[in-house]
Structures are given as structure tokens and as C-alpha cells.
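Q: from the sequence below, what's the structure:
(one chain, ligands or ions: 1)
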Amino acid sequence: MNLHTDKKNTTHGTGFFTVDEFKKIGKDVVFENGVLVFHPETIEIGNNVYIGHNTILKGYFQSDFTIADHTWIGQGCFMHSAGGIAIGVAVGIGPMVKILSSHHRIDDLSKPILFQDIEFKAVVIESGCNIGMGAIILPGITIGEGAVVGAGAVVTRNVPPYAVVAGNPAKILKYRNDPESVAQNSTTLA
Ligand SMILES: CC(C)(COP(=O)(O)OP(=O)(O)OC[C@H]1O[C@@H](n2cnc3c(N)ncnc32)[C@H](O)[C@@H]1OP(=O)(O)O)[C@@H](O)C(=O)NCCC(=O)NCCS
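A: Next comes the predicted model:
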């Protein structure tokens, strides 16, 4: 494996921001102390959005990051929008949730994974969902409207609308709109 690279690491900056740097920002948006924002010029935030203490929003120069009206984001979350993130209206996101939208390829054995190409895969969280504390949403995942993700879940597959999922990897516990469905259906996500 060739461990050498000529690419030098550079700083991403402080993450300190002012509201006029965003691509778009609505009314009544709350940023608690310690929120850090990178590439705010790629981020659109709607009205009445709450962002809790020490949350990190990482925009990326070639992707869009949108957070729609009335969404609530808890403390200490980490959201990396390299591949794009779209969060719908009135989504509840618990503390310490992590959302990733890119990863390095791993197929070239001649060089470290860190130096391999990055794959970008957007994450979509549709309106009215609730994401439990500490959940991890992996690249490319869509969480359907009104779905519930349990605390600590690792979401590796798309979540259907109104499903309740939990665990690592996340599995369907039931559907909010069809509570009797658990016994009949496979609990494996598609
Ligand atoms: C996933 C969740 C919504 C399920 O709630 P529920 O429908 O009342 O489910 P139950 O408590 O009846 O549990 C059903 C089964 O799922 C399991 N389960 C529940 N939550 C789980 C979780 N987070 N991870 C793994 N398994 C979980 C239970 O152990 C139970 O398993 P069993 O049938 O083998 O005994 C809930 O447990 C949860 O995690 N809520 C998130 C809370 C949160 O973080 N809120 C954000 C704060 S702002």
C-alpha cells in the first residue's frame, strides 16, 4: 500500500458564522450557544427552526443542505452534508444524532481508504418524522414521512413512511398507520 500523499491538510475554519451568510434563512430561527456552521452559503433554513447547543452543521461547496420550517434539532448533533441533506417540515431530531452523506470508497487496496475517491449520497428526512437520541443515519438514506427512528438506531436502509424502526441495524418494529402489521410482515428494511 502506498501511504504517501502530496495533499496537505488545510483547516476547515472556525465554524463561527453570522446569519447573513446563509443561502437562505427564515424568521424566528434559534441558534443556541456553541453551534458551529461550515459553508453556510450552501444551507437554507426555514422559519421557526431550533438548533440546540453544540450542534455542528457542515455544509459543502457542491451540495445543498435544507432544513424546513418548525424543525427542532437537539444538542450535540453532527450533520455532514457533503452529498446533500434535506430535512422536512416539523421534524424532531433528538440530541447527539449524526447524519452522514458521503463516504470513501474502499475497493482500491493500493492506497489508504482515506485517499480514495469519495462517494456522495444524499440523505432525505421527510416531514413529521422523529429521530431518537443518538441515532446514526448513513449516506443515501431516505426516512419517509411521519416515521419514527428509535434512540441509538443505526439506519442502513430506507425507512418507509410511518414506520417505527429501532436497533443496529435498524429494523421495523411496527407501522404507526397499521399497528397490527408487525406480526404479519418481515421486520427487515428493504
Ligand atoms: C423506538 C421507540 C419509539 C419504540 O417505542 P414503542 O413503540 O413504545 O416500543 P416498545 O417500548 O413497546 O418496544 C418494542 C420493542 O422494541 C425494543 N426497543 C424499543 N426501543 C428501542 C431502541 N431504541 N433500540 C432498540 N430496541 C428498542 C423494545 O425492547 C421492545 O422489544 P421486545 O418486543 O423484544 O421486548 C422508542 O423506544 C424510542 O427509542 N424512542 C426514542 C426516544 C427519543 O430518543 N426521543 C428523542 C428525545 S428529544
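
Q: which pLDDT value belongs to residue 186?
A: The confidence metric pLDDT takes the value 50 at residue 186.

Q: same question for the one 3 residues further on.
A: At residue 189 the predicted local confidence, pLDDT, stands at 69.

Q: run a quick neighbour tally on the closest residue to residue 64 other than its chain neighbours.
A: With sequence-adjacent residues excluded and distances taken as Cβ to Cβ, 6 or more residues apart in numbering, residue 64 is closest to residue 84, at 5.3 Å. C-beta: built from backbone N, CA, C; applies to glycine. Applying other Cβ atoms under 10 Å, we find 21 other residues in the vicinity of residue 84.

Q: measure residue 84 to residue 19 for me?
A: Counting by Cβ to Cβ, to the nearest Å, the gap from residue 84 to residue 19 is 22 Å.

Q: repeat that for residue 90.
A: Shown here: residue 90 relative to residue 19, a distance of 22 Å by Cβ to Cβ.

Q: who's more crowded, these two?
A: The neighbour comparison of residue 90 against residue 19 (other Cβ under 10 Å) goes to residue 90, with 14 against 11.

Q: my guess is the more buried one meets residue 70, correct?
A: Yes. Taking Cβ atoms under 8 Å as the definition, residue 90 is a contact partner of residue 70 at 4.3 Å.

Q: so which strand or helix has the residue nearest in space to the middle of the chain?
A: The centre of the chain sits closest to residue 99, judged by Cα atoms, centre = their mean, with a distance of 2.8 Å. Element membership of residue 99, judged by DSSP states H and E, is strand 98-100.

Q: that strand pairs with which strands, and in what direction?
A: Partner strands for strand 98-100, per DSSP bridges, with pairing direction: strand 78-80 (parallel), strand 136-137 (parallel).

Q: please list the residues outside whichever helix or strand comes after the last one that contact it.
A: Spelled out, that is strand 136-137. Tracing the chain past strand 136-137, the next element assigned as helix or strand by DSSP H and E is strand 142-143. Identification of contacts with strand 142-143 by Cβ atoms under 8 Å, 6 or more residues apart in numbering yields 123-126, 129, 131, 137, 149, 155, 158-159.

Q: what about strand 142-143 and the ligand, touching?
A: No. Using Cβ under 6 Å from any ligand atom, strand 142-143 never reaches the ligand; the gap is at least 13.3 Å.

Q: quick check: next helix or strand after that strand?
A: In N-to-C order, the element after strand 142-143 by DSSP H and E is strand 148-149.

Q: need the residues that contact that following strand.
A: By Cβ under 8 Å, 6+ apart, the surrounding residues in contact with strand 148-149 are 129-132, 135, 137, 143, 155, 159, 163-166, 170, 176.
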